[in-house]
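J.: mind folding the following:
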Amino acid sequence: MRYLVTARVKPGKEAELLRAIEEGSLGAGSVAGDEYLRNMQDSRLCDNGRIKWVECCFCDVPLAEERPYWEEYFELVRVQDAHARHRCRDLTGEEPWACCECNCTAKLEQRLATWGESFLEVLRARL
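T.: Numbers count the residues shown, from 1 in each chain. I've put the predicted structure just below:
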C-alpha cells in the first residue's frame, strides 16, 4: 500500500538527519532498505513547515516497521492512504508486492513534486 506521509523534523535533529541521509545510513537495519533515502530524495517541504512524501509499506499497520526509524528524526503528523484501498492489487491479493512496481500514485507523486520546495535541498542549504 502507498501512504502520503506528513511530518515535521524534530527540533535539533536536522544535522543528524542530513548526516544519515548523506552517509546512506538512514533506515539502516530496516527491511525497507533504500526506501528511506528515496523518500527523502522525493520529499517536499511545504509552506506550513511540514514535509510530505509518498511511501510504500506492506505492514498490516501503516509504517509499523518503518515508524521507529522515522521517529528518530521526525514527528509523524499524518499517515494516510495515498489512493483507494480497493484498487490496491497487493491488498486484494491479485498481485503480491504489486506496490513495488505500481504507478497507482503517479499522479499524486507528480503533483507532490510541485508543492513547496525539495526538502533535501532546503536541508542542505540550511546546514
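
J.: excluding chain neighbours, give the residue nearest to residue 86 in space.
T.: residue 92 (7.3 Å; Cβ to Cβ, 6 or more residues apart in numbering). The way it works is simple: take the backbone N, C-alpha and C, and place the C-beta from them, glycine included.

J.: what's the weakest-modelled helix or strand in this protein?
T.: In the chain, the helix or strand scored least confidently by mean pLDDT, DSSP states H and E is helix 89-92, which has a mean of 84.

J.: which of the residues in that one are buried?
T.: residue 90 (16 or more other Cβ atoms under 10 Å).

J.: put the alpha carbons of that helix into PDB.
T.: Extracted in PDB, the C-alpha atoms of helix 89-92 (Å, rounded to 0.1, in the frame of the first residue of the first chain):
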ATOM      1  CA  ARG A  89      -3.600  -5.200  -6.100                       C
ATOM      2  CA  ASP A  90      -1.400  -6.200  -3.200                       C
ATOM      3  CA  LEU A  91      -4.200  -5.700  -0.600                       C
ATOM      4  CA  THR A  92      -6.700  -7.500  -2.800                       C
END
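
J.: just the buried residues of the following helix or strand past it, please?
T.: Next helix or strand after helix 89-92 toward the C-terminus (DSSP states H and E): helix 106-112. Buried positions in helix 106-112, judged by neighbour count with 16+ other Cβ under 10 Å: 109, 112.

J.: hmm, back to that, remind me what the least confident helix or strand of the chain packs against, helices and strands.
T.: Using 3 or more Cβ pairs under 8 Å, 6 or more residues apart in numbering; DSSP states H and E as the contact test, no helix or strand touches helix 89-92.

J.: and that helix, how far out from the chain middle?
T.: With Cα atoms, centre = their mean, to the nearest Å as the basis, helix 89-92 stands 20 Å off its chain's centre.
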